[in-house]
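# Below are the sequence and a predicted model for it; my questions follow.
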Amino acid sequence: MELNDGNLQTLTEFMRKTLDPDQSVRRPAEKFLESVEGNQNYPILLLTLLEKSQDNVIRVCAAVTFKNYIKRNWRIIEDEPNKISDPDRTTIKANIVHLMLSSPEQIQKQLSDAISIIGREDFPMKWPDLLTEMVTRFQSGDFHIINGVLRTAHSLFKRYRHEFKSNELWLEIKLVLDTFASPLTELFKVDLNYSDMGSHCLLFMYIILFSSLTLISKLFYSLNFQDLPEFFEDNMETWMSNFHNLLTLDNKLLQTDDEEEAGLLELLKSQICDNAALYAQKYDEEFQPYLPRFVTAIWNLLVSAGQEVKYDLLVSNAIQFLASVCERPHYKHLFEDQNTLTSICEKVIVPNMEFRSADEEAFEDNSEEYIRRDLEGSDIDTRRRAACDLVRGLCKFFEGPVTAIFSGYVNSMLGEYAKNPVVNWKHKDAAIYLVTSLASKAQTAKHGITQANELVNLTEFFVNHILTDLNSQNVNEFPVLKADAIKYVMIFRSQLPKEQLLQAVPLLVAHLQAESTVEHTYAAHALERLFTMRGPNNSTLITPTEMAPFTEQLLNNLFKALALPGSSENEYIMKAIMRSFSLLQETIVPYIPTLIGQLTHKLLLVSKNPSKPHFNHYLFESLCLSIRITCKANPTTVGSFEEALFPVFTEILQNDVQEFVPYVFQVMSLLLEIHTSSIPNSYMALFPHLLQPVLWERTGNIPPLVRLLQAYLEKGAATIASSAADKIPGLLGVFQKLIASKANDHQGFYLMNSIIEHMPTESIVQYRKQIFILLFQRLQSSKTTKFIKSFMVFINLYGVKYGAIALQEIFDSIQPKMFGMVLEKIVIPEVQKVSGPVEKKICAVGIIKILTECPAMMDTEYTKLWTPLLQALIGLFELPEDDSIPDDEHFIDIEDTASYQTAFSQLAFAGKKEHDPIGDAVSNPKILLAQSLHKLSTACPGRVLSMLSTSLNAEALQYLQGYLLAASVQLV
């Protein structure tokens, strides 16, 4: 694409169309942009648009499009074409920093993100001057530019907070510190000087200054996270004294009337609390001189902060600081006094556990966010979570006194509730939360609370205070308390006796009908968690028999809950449906004809606009379970599933719903694998479409498509050979594409192994030599351990299917003596690396055939390889697997797919049984080896014994004698 006005105009028009609410206008425009993004100069045109367009909407749209383009395409993936040309990459890096700093804030944020994406790949090796260019802008004195630099640096360095330690990381951080730490400290001082100007400073100036200070504080956290850098240790006085001053600062100009949104002062102080907690936890010795004044300042902050939402982040970070301090043994003395503990409980913990009107609003009007924070642990920044962590921290050294203090509060709150439940229900809510935080010592997502405070009687509390709420006839009364009660059952499920859990099950089923989204979601989630609990003998704790009285109501209520307002795509309900199917197994068969209709209708609706990936995944899992359970009892019902599902699947494939296509292929594989007779026509009609190259471009499609083609080959190889022979080259084209990729070569071998196993010999005989040539070309260009292992399984399977002579002949037809080279350079030294029982069996049987059924091994120059090959085979049987991988290929098949592509999500309940192509024909390869050697020695008396006695090592010979003994044969 040329850089000219015509192309800029075309792009502008298509950009505008991508914003059109009408799908028929928007989708073609999106497709057009997708089709031209591979062209050279495309990103440069986008940058020109965002810089020079007169239309602000188009500028922002170009910035967002550019960022997403970079996100999808900047990373260079091995074996895949470079999606951005080198000249474009150079131009982007040369201009983007200047462009970002000279753009309005809306565009600046998008370009800042783009720089951090590029930086993640290219900095520092391929973009060494990035930091220098950024640091020089600190001298500009323009805080719009300075804050742009800081924002970009923050998005670039924040990954240091969660990266694993490595030499590369240390070197990069050292480079950053050498270039960045000193200018950052100087900028910190300059900002502080400006902020001391008091009333001489205008409000907008304060806003810019405190934004700058907040970003500097975030950078301080990122640069100090991995280890305490020498520079910051030397300058600790500058940073800590000023952090302390900022914590105690009260600037009237920055105070806001907004009760919801945190102001700049709150955000800055929140980050400083985080920084202090980091130092208290990780660098406590160096931080010790500053700790007492930070404890005092943060305590004062907590006591003076109001209940408004805008203080939530500040309060939770401040409490987290206290929690991290009270857990450290050498700060224990700060909390020992009974009055201190009482004061913390009274002034910090109890007030921050109260259910506020803001929480009530979220519960009723923003249930999704409430559930996300409360159930999924993303409430890391909520007051309640922080208060709960502080209770846990205090219990580490002061469990007895803290439990005693809180027991008084709990009893008093429950007493207040009992006086007037309608008015005082929030007291009971706080009491339940207090008991939960007191009792929880250790928790996992899988088991709930795994270790509890022995001073709290959980069973007694359940009977006296939880069961009463669950037993209430009106499921819609006091929904918050009902949700609390359900959550109590859920998190203490491993601590409560089974009879109480069974008592709770029908009550939870009833609560699926509650109007409150939070309440019926919690009920679904609690049931799903109970159904996954293990009982004795590794079976489920709750059995299908125990569920029998409630099965119909459970299924009815779960599907009715999907129709409740706000829950049409509720992932917890769909997961509970999936888990119920899995638990109940054949008990659900009578209900499936009704339920499959509801599931397919739901699939049709969500396929129009897939927006909830977890919901969609559990929906497909539930479909797979319906198919497996029903067809296990009666395989002929597979046809009725195909009738129900194929119309929806056809629509999904025709509309190219990218998120669903890999799932559809997996379900189709499952259906096809169930068929016992020949392949149905409906599948054969689809076969040519499955070979279209565009489908194979998407990484997420590859595993399910390979499995589907394997199912076609298993069920319909003869049909393909007779009525679709012209498609065989297309099938081999797929194989060629897959084995060229280090990430997907194993999938190519899965496909080829199925072709070898199932296709009639005459249909592929003309292609065999070319297949081997392609494999040798890949061996020469990049030989990885994964490829070698797959290659060995393939050649041995070929030998098992067509015979050892055919294997030797095809190698030697490509190049004389090639067979010997493969044995010497690949099979003998590498066979130890083969893993997996089926793979090992295939290799063993293949090698046995080479040793005993290939005349060339006995009377040509290949004879010298006979004993080493036998030695390698005995090693495969007896030695531990060689799982060493050369360092440079350790990460090859851990491929981060470009983020716009749908990653492949394996459906657990569409799982394929491991297939053994040799099957019962060989049950024990060691016995087969003994019998085959016996047969060979009978045909060539004395030869085998002589080769064994002269060159096989003693240990291997001993193992071989054991095999012969077990097979009751002797060598002659």
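It's in.

# what pLDDT, on average, does stretch 394-402 get?
Averaged across stretch 394-402, pLDDT comes to 88.

# May I see the buried residues of that stretch?
Leu394, Cys395, Phe397, Phe398, Pro401, Val402 (16 or more other Cβ atoms under 10 Å). Every residue, glycine included, has its C-beta placed from N, CA and C.

# same question, stretch 470-478
Applying 16+ other Cβ under 10 Å to stretch 470-478 flags Leu470, Ser472, Val475, Phe478 as buried.

# Take those and write them to CSV, including distance to Leu322.
Putting these into CSV (distance: Cβ to Cβ, whole Å) gives the following:
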residue, distance to Leu322
Leu470, 35
Ser472, 38
Val475, 39
Phe478, 33
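
# coming back round to it: quick one: which of the buried residues of stretch 394-402 sit in helices?
Counting by DSSP state H, these place Leu394, Cys395, Phe397, Phe398, Pro401, Val402 in helices.

# Kindly provide the distance from the second one to Val350.
Look at Cys395 and Val350: by Cβ to Cβ, to the nearest Å, they are 15 Å apart.

# shaky segments in this structure?
Applying pLDDT under 70 to the chain flags residues 195-204, 252-254, 376-381, 441-453, 883-904.

# if we go to 80?
77-80, 194-206, 251-260, 262, 330, 376-381, 440-456, 881-904, 912-913 (pLDDT under 80).

# For Pro590, see how far away the closest residue to Ile319 other than its chain neighbours is.
With Cβ to Cβ, 6 or more residues apart in numbering as the criterion, Ile319 has its nearest non-adjacent residue at 3.7 Å, and that residue is Ala386. Distance, Ala386 to Pro590, by Cβ to Cβ: 50 Å.

# So between those two, which is more surrounded?
Ala386 (27 against 10; other Cβ atoms under 10 Å).

# from memory the more buried one sits against Leu313, does it?
No - using Cβ atoms under 8 Å, Ala386 makes no contact with Leu313, being 9.9 Å away.

# Toward the C-terminus, what is the element adjacent to the helix or strand encompassing Ala358?
Assigned by DSSP states H and E, Ala358 belongs to helix 357-365. Going down the chain from helix 357-365, the next helix or strand is helix 367-375, by DSSP H and E.

# before we move on, the earlier item: name the nearest of the buried residues of stretch 394-402 relative to Pro662.
Cys395 (46.8 Å; Cβ to Cβ).

# In space, what's closest to Phe188 - neighbours in sequence excluded?
That would be Ile216: by Cβ to Cβ, 6+ apart, it lies 5.2 Å from Phe188.

# where's the helix or strand where that neighbour lies relative to the chain centroid, distance-wise?
Secondary structure from DSSP H and E places Ile216 in helix 203-225. The chain centroid and the centroid of helix 203-225 are separated by 32 Å, computed with Cα atoms, centre = their mean, to the nearest Å.

# Going along the chain, name the strands of this protein.
440-444, 448-452 (DSSP state E).

# neighbours of the residue nearest to Phe188, just the number please.
Ile216: 23 neighbours (other Cβ under 10 Å).

# Pretty sure it sits against Asp191.
Yes - with contact defined as Cβ under 8 Å, Ile216 counts as touching Asp191 (6.9 Å).

# For the stretch 751-900 of the chain, which segments count as helices?
761-764, 768-781, 785-802, 804-814, 818-822, 828-830, 837-853, 856-859, 866-878 (DSSP state H, counting those that start in this stretch).

# Can you lay out those helices as CSV showing mean neighbour count and distance to Leu177?
Formatted as CSV, the helices of the stretch 751-900 of the chain follow (neighbours: other Cβ atoms under 10 Å; distance: least, Cβ to Cβ, whole Å):
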stretch, mean neighbour count, distance to Leu177
helix 761-764, 14, 61
helix 768-781, 15, 41
helix 785-802, 21, 38
helix 804-814, 18, 57
helix 818-822, 19, 52
helix 828-830, 17, 45
helix 837-853, 22, 49
helix 856-859, 16, 63
helix 866-878, 19, 51
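
# would CSV of those helices with distance to Ile118 be doable?
Formatted as CSV, those follow (distance: least, Cβ to Cβ, whole Å):
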stretch, distance to Ile118
helix 761-764, 47
helix 768-781, 29
helix 785-802, 30
helix 804-814, 45
helix 818-822, 44
helix 828-830, 40
helix 837-853, 41
helix 856-859, 56
helix 866-878, 47
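
# Tell me which of the ones you listed lies nearest to Pro289.
Once the helices of the stretch 751-900 of the chain are compared by Cβ to Cβ, helix 785-802 is nearest, at 53.4 Å.

# Which elements pack onto the closest one?
Applying 3 or more Cβ pairs under 8 Å, 6 or more residues apart in numbering; DSSP states H and E, one finds that helix 785-802 makes contact with helix 745-758, helix 768-781, helix 804-814, helix 828-830, helix 837-853.

# how far out from the middle of the chain is it?
Counting by Cα atoms, centre = their mean, helix 785-802 comes out at 32 Å from the chain centroid.

# And stretch 607-625, by the same measure?
17 Å.

# ditto for stretch 418-434
39 Å.

# ok, Ala644 - contacts?
Residues in contact with Ala644 (Cβ atoms under 8 Å, 6 or more residues apart in numbering) are Ile596, Gly597, Thr600.

# Would you mind listing which of these are buried?
Using 16+ other Cβ under 10 Å, the buried ones in these are Ile596, Thr600.

# wait, isn't Met858 in contact with Thr867?
No - using Cβ under 8 Å, Met858 makes no contact with Thr867, being 11.8 Å away.
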